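Chemist: Based on what follows, work out the 3D shape:
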Amino acid sequence: MVRPPHTPKTVTEDQTALPDIFDEVEEDLRAERARALGRRYAGLGIAALVLILAGTGGYVAWQQNRTEAANAVADRFITAATQADHATAHPGAPDDAAVAPAEQTLSGIAARGPAGYRVLARLRLASLQWQTGHHPDAVATWQSVADDSAAPRLLRDLATLTSAQHQLDSGDPVLLKQRLEVLTSQDNPWRPMAQQVIALLDIRTGHLHEAATLIQRITLDPTAPQDMRQMAGDLLTTLPPDALAPPKRAGTGERQGATPASASHAAATGSTPPSASPPHAPPDATPPDATPPKAQPPGITAPPSTAKTPAHG
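Modeler: Purely as a prediction, here's the structure:
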């Protein structure tokens, strides 16, 4: 029996349409789930968007208000500084009534102004207090800036330096030098000026060698401003020529054989130390019992002296 040839089956249209139906159903389910999520979280999304817009608008408004407030404080500070300059421009002590408005404005900014202007107002207020004769108040204001850890280091050091400059003739030299030593580090921009004030304090206390050495260091400092080095050079010329010489060791200027203690005792009691030799008479001094030689006429030589030397013992 002969079998008929094998004929392959063909795919009908109904069989190809089945995957398309499944895809359409899947898409409908996805769309439905998306609509459900949208209905569920739509309120939260709108609220988040509103918050973002409101926050951005609030930040911009806050920045604008802050800028306007800073500008207003700046105008007040400049006005007060100008008033202070005009009130203190005339010779003599300024009138308290003339500086009162500027002092009140600066005090208000120092107490309630922005951080930066608080420091600047205190610095200008201290200068005004010093010019009006309120020196203790000025020193206290400068010191408040120097001790303010929230203030910039540059302005804190400036307050220390300015206070020391104004107290050169009246302040405690030891205390002022201790405060200025902090400003003499290599990276401090106020270092040459601080060194100059320290040298002036040394001159005031009589330490001329220390002052001359420090002033010479300023003149040789390449990082110091040119006018500062010139000023230091001019100051160095006013010191004694031997100021740069090393100081004498202790006891060099005392009599040989006398210790500092015995010299002090002799000065106090008027006695001569046991190990000290009596002072020598100057070469040209005449002994008390000697008779001065008589003048001889020209060309005549005085005869040799026949005075006998008294025998000892």
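Chemist: Please make it C-alpha for all contacts and neighbour counts, starting now.
Modeler: Noted.
Chemist: Give me the neighbour count for residue 235.
Modeler: If you count neighbours by other C-alpha atoms under 10 Å, residue 235 ends up with 16.
Chemist: Can you give me every residue that contacts it?
Modeler: Neighbouring residues of residue 235 by C-alpha atoms under 8 Å, 6 or more residues apart in numbering: residue 215.
Chemist: State the pLDDT value of residue 53.
Modeler: Note on residue 53: pLDDT of 87.
Chemist: what do you get for residue 281?
Modeler: 40.
Chemist: residues contacting residue 236?
Modeler: Applying C-alpha under 8 Å, 6+ apart, the residues contacting residue 236 are 212, 215-216.
Chemist: In helices only, show me those residues.
Modeler: 212, 215-216 (DSSP state H).
Chemist: would TSV of those residues with distance to residue 103 and pLDDT be doable?
Modeler: Formatted as TSV, those follow (distance: C-alpha to C-alpha, whole Å; pLDDT from 0 to 100):
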residue	distance to residue 103	pLDDT
212	40	94
215	37	95
216	41	94
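Chemist: between these, which is closest to residue 146?
Modeler: Among the ones in helices among the contacts of residue 236, residue 215 lies closest to residue 146 (C-alpha to C-alpha), at 25.5 Å.
Chemist: How many neighbouring residues does the closest one have?
Modeler: Other residues near residue 215 come to 26 when the count uses other C-alpha under 10 Å.
Chemist: Surely it and residue 197 touch.
Modeler: No. In this structure, residue 215 is not within contact of residue 197 by C-alpha atoms under 8 Å, at 9.8 Å.
Chemist: Find the residue ranges of the stretch 201-313 of the chain scoring beneath the pLDDT cut-off.
Modeler: Counting by pLDDT under 70, the stretch 201-313 of the chain shows low-confidence ranges at 248-313.
Chemist: Could I get the phi/psi values of residue 149?
Modeler: Residue 149 adopts backbone torsions of phi -70, psi -20, taken as degrees, to the nearest 10.
Chemist: pLDDT at it, what is it?
Modeler: 93.
Chemist: again, but for residue 21
Modeler: For residue 21, pLDDT reads 73.
Chemist: any chance of the ones in helices among the contacts of residue 236 in CSV, with distance to residue 113 too?
Modeler: CSV is the format used below for the ones in helices among the contacts of residue 236 (distance: C-alpha to C-alpha, whole Å):
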residue, distance to residue 113
212, 44
215, 40
216, 43
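Chemist: tally of neighbours for residue 46?
Modeler: Neighbour tally, residue 46, other C-alpha under 10 Å: 11.
Chemist: still on that earlier bit, nearest to residue 48, of the ones in helices among the contacts of residue 236?
Modeler: residue 215 (67.6 Å).
Chemist: what's the helix or strand for the nearest residue to that closest one once chain neighbours are set aside?
Modeler: Nearest residue to residue 215 in three dimensions, chain neighbours excluded: residue 232, at 5.7 Å (C-alpha to C-alpha, 6 or more residues apart in numbering). Assessed by DSSP states H and E, residue 232 sits inside helix 226-237.
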